[in-house]
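generate a structure from the sequence data that follows.
(2 chains)
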2 protein chains.
Amino acid sequence: MISWKDNLIKIAPYTAGEQPDHKDFIKLNANENPYPPSPAVCEAIRNFDGAQLSRYPNANADTLRDAIAERLGKERDNIFMGNGSDDVLALSFRAFFNSDKPILYPDITYSFYPVWCEMLKIPYETVPVDDSFNIRAEDYFRENGGVVICNPNAPTSIGRGLDFIRSILDANKNSVVIVDEAYVDFGGTTSLPLLDEYENLVVVQTFSKSRSLAGMRIGYAVGGKEIISALQSAKDSYNSYPLDSIAIAAGTASVKDEEYFKAITKKIIDERDILAERLKELGFTVADSSTNFLFAEHSKYRAAGICEYLKTKDIYVRYFSKPRIDNRLRITVGRPEHTEALISALREYRQGVAAVTDRH
Amino acid sequence: MISWKDNLIKIAPYTAGEQPDHKDFIKLNANENPYPPSPAVCEAIRNFDGAQLSRYPNANADTLRDAIAERLGKERDNIFMGNGSDDVLALSFRAFFNSDKPILYPDITYSFYPVWCEMLKIPYETVPVDDSFNIRAEDYFRENGGVVICNPNAPTSIGRGLDFIRSILDANKNSVVIVDEAYVDFGGTTSLPLLDEYENLVVVQTFSKSRSLAGMRIGYAVGGKEIISALQSAKDSYNSYPLDSIAIAAGTASVKDEEYFKAITKKIIDERDILAERLKELGFTVADSSTNFLFAEHSKYRAAGICEYLKTKDIYVRYFSKPRIDNRLRITVGRPEHTEALISALREYRQGVAAVTDRH
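A predicted model of the protein is given here:
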């Protein structure tokens, strides 16, 4: 006899960065922005007319699409809004990857790609990055059902230039190529200029990192009208209204405050370069980052041990016990005081380990 | 040669109620609440600390789950939160309907069910309601891969009691039975009391109607821990963070204002009964409604014509050009002044048609 339990979904849940309950900790484990969103965002929320909420939101968040389109020199129909870039990416997989051939993406990259493939039964092959964690364009010069490149890549932090993406596009005129640019605003190179040449390109960006709006869930795709229309169909078949009315208002206010956006991304880039130097002084190898985080390995100490020690000091960084990267830490760039606290905890760790080593 | 266009999703988009751009119209076509959300909701939004938005939201909206659990006498693990009840329902289909046997639901019901089945490749059979648009429980006493009952049903507005749902549950111990209660707060009978007896039951409710929060996207499921855990897995595999931090705060404030909730649902129920009487006086047949809308057919005039005429008077009601219901209007209950405007426009229509008929 078949029970209802036999027909439940079987799937392993995604594990996000830890979110400790208490307040007094330094959270460098989820690549969040250490600065608040633009004051214009806070004002838009404060001034939002709550009575409006009894109505459904505009189904496609057109006000926000228009603001993004204007900023990027595009049209409304080139922009698709989703409930965070996870939503946009999952819908993109559904909208674009309906081939029997496997889609391709790097073995070391955003951990949600295989989850969506499993969920949507999309065949896929992961392509190993090289020993320095670089994606090799030529690995993608072969038949496939689609390509996904996270650029700059996560958790490696490494960004590549336009020629790199262009070479992948030139070799893949019959596949959709998704470039996931969650971290691009911290000094990466966006592929947006290539959209005029390649109608099979989709660029996905988010408000979660550079716009300090992780708590608001806003992501978007930019692409040609045909590709954006397919994404719209995939969305409409699932949920008519993904973005709520306050998110639309808050996001629009954010896009319009270019000055604040530039100021905080610059602050984070500057702090990243300082943090990288300080880590190197302590014996870390640090990949060149185009993101708001660093991917670091110590010459002597295991990443897992460092990560556990930092927790005892109420500093949370991200450690992945996964092949190839299980001796690396992913450390979000915080404010200067977070850098100080982290560096001083790492110094203590080194001294503590040295003391133990001396005793035994 | 395969083009990237060949692998795009092929799916027809859902058509929602029209949303005219101008402001001066009476919108009775989307079953929205004519009253604003609780003042406590507006206050929670005004007082929301925008700086918090740089952090990801609590992944499962636990504060809001706890508030709902407390109101319903349940525990946190009995509640699943989604981005509107469309999100909860779509995830439920994915989480529960993994059988080769067809799932069953009425032929006249919420139009998104077949869309999700097509999207998720779930086999399904629609079961005709009777000529008075009643769902017959005994039609569901047969082998299936799951059952979905919208109760009260939409767009028919007809609600059924606990014995009806119980008889379906008794005959379906090996399937998950979803009861979609989007409209239950307007005088319907909730199946929540059955949860203690049937662990294969899931009840889905929304903040969009009775809580005036359509613009905020909050829906939830209530069920046994095992079934809610499957839903959680389905969500986690798609998007870690569905509800944004402001929605969590606003929703929690709404749940805690039971007095306001009772007051506005009562106002709408009272107005519904008045509107039904007025429509009957004008020659409409009106189904007994347990919702915030009426399902009405005129003895002489075609629904499509009435609907078009009302638009010229800036009054929007919903008309479905679908088999069996193509002479019915779905009219959302508004405020008393909306009832007046609607009734007076319908009187004019009758006079206008009579005049034309007399002339020719």
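
pretty sure A:Phe80 sits against A:Ser233.
No. With contact defined as Cβ atoms under 8 Å, A:Phe80 does not reach A:Ser233; the gap is 10.5 Å. Placement of C-beta: from N, CA and C, glycine included.

these two: who's more crowded?
Each of A:Phe80 and A:Ser233 has its neighbours counted (other Cβ atoms under 10 Å in any protein chain shown); A:Phe80 has more, 28 against 20.

secondary structure element holding that one?
strand A:79-82 (DSSP states H and E).

what does that strand contact?
A:60-61, A:64-65, A:68-69, A:72, A:88, A:91, A:218-223, A:228, A:231-232, A:235, A:242-243 (Cβ atoms under 8 Å, 6 or more residues apart in numbering or on different chains).

and the residues you listed, which of them are in strands?
A:219-223 (DSSP state E).

if any of those are buried, put those into a PyMOL selection.
Paste this into PyMOL to select the buried members of the ones in strands among the contacts of strand A:79-82, with burial taken from 16 or more other Cβ atoms under 10 Å in any protein chain shown:
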select buried, chain A and resi 219+220+221+222+223
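
tabulate the ones in strands among the contacts of strand A:79-82 (CSV), appending distance to chain B and pLDDT.
Formatted as CSV, the ones in strands among the contacts of strand A:79-82 follow (distance: Cβ to the nearest Cβ, whole Å; pLDDT from 0 to 100):
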residue, distance to chain B, pLDDT
A:Gly219, 10, 98
A:Tyr220, 15, 98
A:Ala221, 14, 98
A:Val222, 17, 98
A:Gly223, 11, 98
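
and the ones in strands among the contacts of strand A:79-82, which two are the farthest apart?
A:Gly219 and A:Gly223 (13.5 Å; Cβ to Cβ).

could I get the average pLDDT for the strand holding A:Phe80?
Mean pLDDT, computed over strand A:79-82, is 97.

again with stretch A:108-127
So the average pLDDT for stretch A:108-127 ends up being 94.

can you show me the CA trace of the strand holding A:Phe80 as PDB?
Output of strand A:79-82 as PDB, limited to C-alpha atoms (Å, rounded to 0.1, in the frame of the first residue of the first chain):
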ATOM      1  CA  ILE A  79      14.600  43.900 -17.100                       C
ATOM      2  CA  PHE A  80      13.000  41.100 -15.000                       C
ATOM      3  CA  MET A  81      12.500  41.500 -11.300                       C
ATOM      4  CA  GLY A  82      12.500  38.600  -8.800                       C
END
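
what lines up beside that strand in the sheet?
With DSSP bridges as the test, strand A:79-82 is paired with strand A:219-223 (antiparallel).

now tell me what touches the partner strand from outside.
A:65, A:68, A:72, A:74, A:78-89, A:92, A:192, A:195, A:199, A:201-208, A:228, A:231.

how about 6 Å then?
A:78-82, A:84-85, A:88, A:202-206, A:231 (Cβ atoms under 6 Å, 6 or more residues apart in numbering or on different chains).

over to stretch A:35-42?
Against stretch A:35-42 from outside (Cβ under 6 Å, 6+ apart): A:212-213, A:250, A:253-254, A:257, A:260, A:264, B:50-51, B:53-54.
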